[in-house]
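>>> Coordinates for the following, if possible.
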Amino acid sequence: MAYASPAEVNARLKNIRLKIGKNECTLWPRKKNKDSLALAGLSIDDAFDIVKSLTVRNYCKGPEDDIDKPGTGEMWFFGHSERGYDFYIKIKICFDANSNVIIISFHFPEFPLIYPYK
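So this is what the prediction gives:
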């Protein structure tokens with residue numbers, strides 16, 4: 001598996017932070033996301049703050065094409081530990097006119113996460 005370079009990861013994270021700051025980022029309202037946040041005692045705002053704090057050390061893999069909607073954006077995968085819980089974070093940067101950002105997954109991991117730059 002080829003990984004993005006640290007510089008590329010940092011560039012995408014900078015873009016994601018910018019989109020969060022402009023309220024152009026959405027946390028997908030999946031039950032799995034809501035349940036994981038609630039169990040860890042975290043709010044949606046906490047999730048956005050965590051995403052803003054991600055670094056290249058949190059990077060797991062990506063970019064990858066959206067397999068559910070090919071050609072619509074690139075998927076980036078991260079992991080983060082907060083309050084004793086590990087989280088799997090999947091973020092889509094859309095190829096639409098606004099380059100919208102969607103946090104598709106923010107839940108407990110279902111498989112071991114690999115951090116190539118940790």
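>>> For the longest helix seen in the chain, which outside residues touch it?
Secondary structure assigned by DSSP state H gives helix 6-21 as the longest helix of the chain. In this structure, residues lying in contact with helix 6-21 by Cβ atoms under 8 Å, 6 or more residues apart in numbering are 4, 25, 48, 51-52, 54-56, 59, 63, 76, 91, 93, 99-101, 117. Quick note: C-beta positions are derived from backbone N, CA and C, even for glycine.
>>> Going along the chain, name the strands of this protein.
25-27, 59-65, 73-82, 85-94, 101-107 (DSSP state E).
>>> wait, which of the ones you listed is closest to Leu37?
strand 101-107 (6.8 Å; Cβ to Cβ).
>>> Just the CA atoms of the closest one, as PDB, please.
Provided in PDB are the C-alpha atoms of strand 101-107 (Å, rounded to 0.1, in the frame of the first residue of the first chain):
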ATOM      1  CA  VAL A 101     -15.600  18.000   3.700                       C
ATOM      2  CA  ILE A 102     -17.600  15.200   5.300                       C
ATOM      3  CA  ILE A 103     -16.500  13.300   8.400                       C
ATOM      4  CA  ILE A 104     -18.100  10.000   7.400                       C
ATOM      5  CA  SER A 105     -16.800   8.000  10.400                       C
ATOM      6  CA  PHE A 106     -16.000   9.000  13.900                       C
ATOM      7  CA  HIS A 107     -16.400   5.800  15.900                       C
END
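>>> so where's the protein uncertain?
1 (pLDDT under 70).
>>> As a quick check, tell me the outermost residue of it.
Computed with Cα atoms, centre = their mean, the maximum C-alpha offset from the centroid of the chain is found at Ala97, amounting to 20.3 Å.
>>> Just put the strands of the chain in JSON lines and tack on mean neighbour count.
Formatted as JSON lines, these follow (neighbours: other Cβ atoms under 10 Å):
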{"stretch": "strand 25-27", "mean neighbour count": "18"}
{"stretch": "strand 59-65", "mean neighbour count": "18"}
{"stretch": "strand 73-82", "mean neighbour count": "19"}
{"stretch": "strand 85-94", "mean neighbour count": "20"}
{"stretch": "strand 101-107", "mean neighbour count": "22"}
